[in-house]
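1. give me the fold of what follows.
(one chain, ligands or ions: 1)
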Amino acid sequence: MAKEDIELIKNGKRLDGRKFDELREIKIEVGVLSRAMGSAYIEWGKNKVIAAVYGPRELHPKYLRDPRRAHLRCIYNLAPFSVEDRKRPGPDRRSVEISKVSSDALSSVVMLEKYPNTVIDIFIEILQADAGTRCAGLNAASVALADAGIPMRDIVSSCAAGKVNGEIVLDLMKEEDNLGECDLPVAIIPRKKEVVLLQMDGKLTREEFKKAYELAVDGAMRVYKMQKEALISSVNDVIIGE
Ligand code: ADP
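-> As a prediction, this is how the structure comes out:
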């Protein structure tokens with residue numbers, strides 16, 4: 001059976017009952033790890049992701065130091081127990097790619113020039129995966145950076161859209177990601193709507209791309225609101241002493 005023949009949409013609804021432009025449920029917690037400078041936990045549908053920030057701290061080996069700015073090092077890791085079939089532990093091509101694109105996206109908002117010769121380490125640990133983990137990881141990492149008090153121009157907000165059974169839909173879950181026609185993760189700097197990550201797995205026509213891109217940006221703007229709310233309530237908790 002061809003991929004597009006697998007029924008992922010029935011009577012105008014998706015497998016989990018969502019509308020085409022509906023996000024999965026999202027919950028963000030700030031400051032979940034006491035040993036990290038900053039941290040955040042995000043539940044996004046069935047995805048469960050922790051991000052932890054350490055630094056700015058001394059960078060070793062020394063030859064990697066940059067006298068003009070800090071080095072931002074993001075490491076994305078899919079835990080062996082995070083997927084249905086156990087994943088072999090350790091880095092692979094996919095995690096190296098996601099670590100690289102996440103480092104690049106976050107480097108565009110962090111004021112690296114304030115901390116020359118140092119490194120800012122960001123660990124993104126995927127505890128449970130159900131598609132969209134790079135977006136969830138970026139959103140958690142941005143909140144963790146803010147929690148660490150690291151100066152940023154803005155935060156990064158991310159969401160994917162894609163094509164499933166010929167329809168453009170927001171925020172693909174695993175069955176849609178695996179069996180659908182295309183996945184388009186996008187990350188933006190919300191205030192400027194500047195794109196800092198754009199990847200495409202599959203094919204879209206020019207019109208479909210425009211529709212999916214706009215839907216993903218709209219999703220990212222909704223996530224931005226939730227990131228801000230989570231950060232504000234974490235600050236209020238500290239002030240009120242909860
Ligand atoms: P993203 O999680 O950002 O959507 P992919 O599109 O590469 O990234 O992966 C989609 C989903 O496929 C993941 O969220 C995860 O549920 C599953 N997956 C990815 N890699 C593996 C793996 N090595 N073993 C099993 N499942 C995996």
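
2. near the ligand, which residues of this protein are found?
-> Residues of the chain that fall close to the ligand, judged by Cβ under 6 Å from any ligand atom: 78, 83, 85, 87, 94, 129-134, 174, 177, 183. Glycine gets a C-beta too; all of them are placed from N, C-alpha and C.

3. Asn47: neighbouring residues, count only.
-> By other Cβ atoms under 10 Å, 24 other residues sit near Asn47.

4. what does Lys225 give?
-> 11.

5. per-residue confidence at it?
-> Listed pLDDT for Lys225 reads 98.

6. can you verify it is assigned to a helix?
-> Yes: counting by DSSP: H, G, I helix; E, B strand; the rest coil, one finds Lys225 located in a helix.

7. and it, how far is that from Arg14?
-> Separation of Lys225 from Arg14 (Cβ to Cβ, to the nearest Å): 23 Å.

8. repeat that for Leu59.
-> Following Cβ to Cβ, the distance that separates Leu59 from Arg14 is 45 Å.

9. repeat that for Leu127.
-> Taking Cβ to Cβ, one finds Leu127 at 24 Å from Arg14.

10. again, but for Lys203
-> 20 Å.

11. so which of these two has more stuff around it?
-> Arg14 (22 against 10).

12. quick one: contacts for the more buried one?
-> 8, 20, 164, 169, 176 (Cβ atoms under 8 Å, 6 or more residues apart in numbering).

13. closest to the ligand among those?
-> Glu176 (10.0 Å; Cβ to the nearest ligand atom).

14. list the contacts of that closest one.
-> With Cβ under 8 Å, 6+ apart, Glu176 has these contacts: 8, 14-15, 131, 162, 164, 169.
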